[in-house]
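Peer 1: sequence below, structure please.
(chains A and B)
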Amino acid sequence: MMFVRLLLLQLRVNFSLSALRWYWFNDRKKFLTSIGIMALIVASIGPLFYLYSIFVLETFAAAAPLGQTEVVLTSALVLTAFLIAMLNLGFVLSVFYYSRDLALLVSLPLRPGEILASKFGVVLVYNYLIILPFLLPAIGVFGFQSAIRWDYWLISGVVVLLAPVIPLVVVSLFLLVLMRLTNLSQKRDALRMMGLLGFFLGVLALNWIFGSVRPGEEATFIESVLLAQDGLIHFVSRMYPPALWATRALVASGLTQFYNLLGYLLLSGVGVIGLIEVGQRIFYEGLIGGEEVRRGRHLADDDLGRRLGRVHSPEWAIAMREIKYLIRTPIFFFNSLLILLALPAILLVPVVAGGTLEVVLSGLEAEVPRPVQLLGGGAFIGMMALFAPAASSSFSREGRQFWISQLIPLSARQHIRGKLLYAFLLAALALPVVLLGAWLWLPWRPLEIVIALGAGLILSFPMITLSLWIDLLRPYLDWDSPDKAIKQNINVLLAMLGGSVVFVGLYFWGRFLFERGQDPWMIYGGVLGVALLIGYVFWVLLYRLARIRYRFVDPPPNDEVRER
Amino acid sequence: MITLEALSKRYQKGAVKAVDELSLNVKAGEIFGFLGPNGAGKTTTIKMMVGLLVPDEGTVTINGSRMDQDPMAAKQSLSFVPDTPEIYDKLTGLEYLNFLGDVYRVPGPLRRSRIATLLDLFEMRQAVGDLIQSYSRGMRQKIVLTGALLHDPAVFILDEPMVGLDPRSSSHLKDYMRDHCARGNTVFFSTHVLDVAERFCDRIGIIHRGQLIATGTMAALRERAKQRESLESIFLELTGS
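Peer 2: Modelled structure (predicted):
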């Protein structure tokens, strides 16, 4: 069957299975390095996995007196569906529409539905890697803590296999329609980014609507959730009802179990078949065309002079090149800039919707001195600089165009200054978020807000220099779809880990000063001083590395292979 | 203008010698054609000349500046057009040219007049405001050529420059290259089109299995290759094809 062959080929390519096999026989060192990196990734999520498992165990214990321990399963299923919907927009878009192999696949005698199905298979397998750390602890905790039947483990296998299907089908259908509708527009990239943003905000809005309690109805709400049979489970699964069916398929018995399992299976199956059918009709219409050469307007000399604008410094030119490229590539834009805007929203929605914001803020005001609060505001900006992978994928995103950076007559220092300027300009986008938050909810004076923003820029410094340094150590230039440069780039993960270590170190340093009874402004200055020092150390390391890497990084090996 | 001394590059941990002690001197005002069969080492040599690859041994000197000792000066003197025009396709043609103008520090008025001249030469005025991703292969090649000539380089290095160009643009490029050399600059290009090399180059070098096996004018090559008439016959004989 052609689809199966195509799927196996896609899996071999996307998970580098053929490459690993080749390394095993021909380059054992490279094989071990690849395996080592994978082991590092798995090990790096170990502590988080442990903490999450403890959290699930405690949730189970808290739900036990209410007789609603299944809520750990429902919560895990809703959480994974939410994560898949939020994190996969850029990835699915990239795999479906921007992979380099599409030019070849489309020219082969394959049906659009077959190509789409094989791409969907790749996305599905990737997502198992994302959801397993969230589902396994819940299934394990419930399974080992409850007196369950043997079929629980069997059905849990089915549930894990199906868990990413429905949210992925929803995301895929949305993208098929979006790409089809925008393909022939001259502003299609901008429209697509607006569409992605709309989907993102829509999911957040649903989260808000289903998570909020109307004023005055708090007592009824608590009663219905805690005292009614399965009230908590019904509440948690309001946003994603299939989680309720999956939970019942796991824990119920008899016909209830059968019908819920059947419903879950049928919805997943119908979703996939529907996706392939829709893809058969509109996949190519969103993929092919729209890139044709257009006959533009003849530019007169005056117009040319006006559009060329002013002469800028090389550093500014580098920074602008980076920013233009980032905002004009939907996948780069979505995975860096949008995250910068969305992360605060994701964090704030449950607090604001749940009505606990005032409690949190009054507690903060009573317990934490103002300078430390300002430092916290700054830390938020620094976190944004770290978790929006604009700096940690900066060199990798240049890809096959890295040769231009190597060719132009700029010193390593100029290149790095340009990159730093770009990263700071992006980090500065988090400033209005803090400004708005402070204006709406925090009793900070204008000068204090400025102090918090300044702290944010200083705390961004080590995050940016560390991220750039990590990406330049081993830039991933030979990617074949833009998503790989940013989301499947190990440098991004390593930078987040490294930056988190720096943040934890700064936190303990600040706490140490706090516990020794230091003046709050001394804590503020002490933390920022150390942050500046760390940033400077990475700046020096980055500059030294750049002197080597801009000279010695070999361009991606297309030419060497073809034309030695 | 271009001096290569005992240039060597190996791949696969030294198992494959892509370029083997290649020495060459190209003078100012000269158009030099670089020929060789597929896999002979042309692109590797060119990449070492422009600083994209570091040689294992040997040196590259461009306009008096050693690439390993003063790369900024060497790079400021040269420009390079690769065989595959991988450029920033999310920038417009104009933004790409402006970027190169900034990094090569071409002053504003000079930049405007040069861009206008080159856009007219390559007939790109109507497309220069569009994103490069909408360009055909030939148009990409033309915008790369325009960008490469923006700072009026003393040494102009091209890898298969005629591929993708329509006959008129190809003719314009050749005219420009002649004019460029007449002003005391140097043009070095690789090609598979032997006819172009034969008619157009002042001197020709033939590389085979990483070694420069012949260099000279067409007349000198004919002399060496037993009075064979065409460059194609000489090429086939020297490379053992």
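Peer 1: briefly note if the top helix by length along chain B comes near chain A.
Peer 2: The longest helix of chain B (DSSP state H) is helix B:167-182. No - residues of helix B:167-182 are not located near chain A by CB under 8 Å from any CB of the partner chain, the shortest gap being 14.6 Å. The way it works is simple: take the backbone N, C-alpha and C, and place the C-beta from them, glycine included.
Peer 1: next structured bit after that helix?
Peer 2: Next in sequence after helix B:167-182, counting helices and strands by DSSP states H and E, comes strand B:186-190.
Peer 1: quick check: angle from that following strand to helix B:167-182?
Peer 2: 140 degrees (axes from the mean of the first three to the mean of the last three CA atoms, to 10 degrees).
Peer 1: give me the number of residues near residue 158?
Peer 2: Using chain A. Close neighbours of residue A:158, defined as other CB atoms under 10 Å in any protein chain shown, add up to 16.
Peer 1: sorry, I should have been clearer: chain B.
Peer 2: 24.
Peer 1: my guess is it contacts residue B:80. True?
Peer 2: Yes - assessed by CB atoms under 8 Å, residue B:158 is found in contact with residue B:80 at 7.4 Å.
Peer 1: mind listing the shared neighbours of these two?
Peer 2: residue B:148 (CB atoms under 8 Å, 6 or more residues apart in numbering or on different chains).
Peer 1: please point out which parts of the longest helix of chain B sit buried.
Peer 2: Neighbour-count burial for helix B:167-182 flags B:169-170, B:172-174, B:176-177, B:180-181 (criterion: 16 or more other CB atoms under 10 Å in any protein chain shown).
Peer 1: can you check stretch A:77-84 too?
Peer 2: Across stretch A:77-84, burial judged by 16+ other CB under 10 Å covers A:77-84.
Peer 1: one more: stretch A:53-61?
Peer 2: A:53, A:56-57, A:59-60.
Peer 1: ok, stretch A:176-188 next?
Peer 2: In stretch A:176-188, the ones that count as buried by 16+ other CB under 10 Å are A:176, A:178-183, A:188.
Peer 1: could you do stretch A:424-432 as well?
Peer 2: Using 16+ other CB under 10 Å as the test for burial, stretch A:424-432 gives A:424, A:426-427, A:429-431.
Peer 1: how about CSV for the buried residues of stretch A:77-84, with pLDDT and distance to chain B added?
Peer 2: Listed next are the buried residues of stretch A:77-84 as CSV, based on pLDDT from 0 to 100; distance: CB to the nearest CB, whole Å:
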residue, pLDDT, distance to chain B
A:77, 92, 39
A:78, 90, 37
A:79, 88, 35
A:80, 90, 34
A:81, 91, 33
A:82, 86, 31
A:83, 85, 29
A:84, 88, 28
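Peer 1: from the residues you listed, which land in helices?
Peer 2: Short answer: the buried residues of stretch A:77-84 in helices (DSSP H) are A:77-84.
Peer 1: now these as JSON lines including distance to residue A:151?
Peer 2: Listed next are those as JSON lines, based on distance: CB to CB, whole Å:
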{"residue": "A:77", "distance to residue A:151": "18"}
{"residue": "A:78", "distance to residue A:151": "23"}
{"residue": "A:79", "distance to residue A:151": "24"}
{"residue": "A:80", "distance to residue A:151": "22"}
{"residue": "A:81", "distance to residue A:151": "24"}
{"residue": "A:82", "distance to residue A:151": "28"}
{"residue": "A:83", "distance to residue A:151": "28"}
{"residue": "A:84", "distance to residue A:151": "26"}
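Peer 1: re the thing from before, what subset of the buried residues of stretch A:424-432 is also close to chain B?
Peer 2: Of these, not one also sits near chain B (CB under 8 Å from any CB).
Peer 1: of the residues you listed, which is the nearest to chain B?
Peer 2: Nearest to chain B out of the buried residues of stretch A:424-432 is residue A:426 (CB to the nearest CB; 16.3 Å).
Peer 1: now the closest one. Nearest residue, chain neighbours left out?
Peer 2: residue A:390 (4.8 Å; CB to CB, 6 or more residues apart in numbering or on different chains).
Peer 1: so where does that neighbour fall, helix or strand?
Peer 2: Using DSSP H and E, residue A:390 falls outside every helix and strand.
Peer 1: separation between it and residue A:420?
Peer 2: 12 Å (CB to CB, to the nearest Å).
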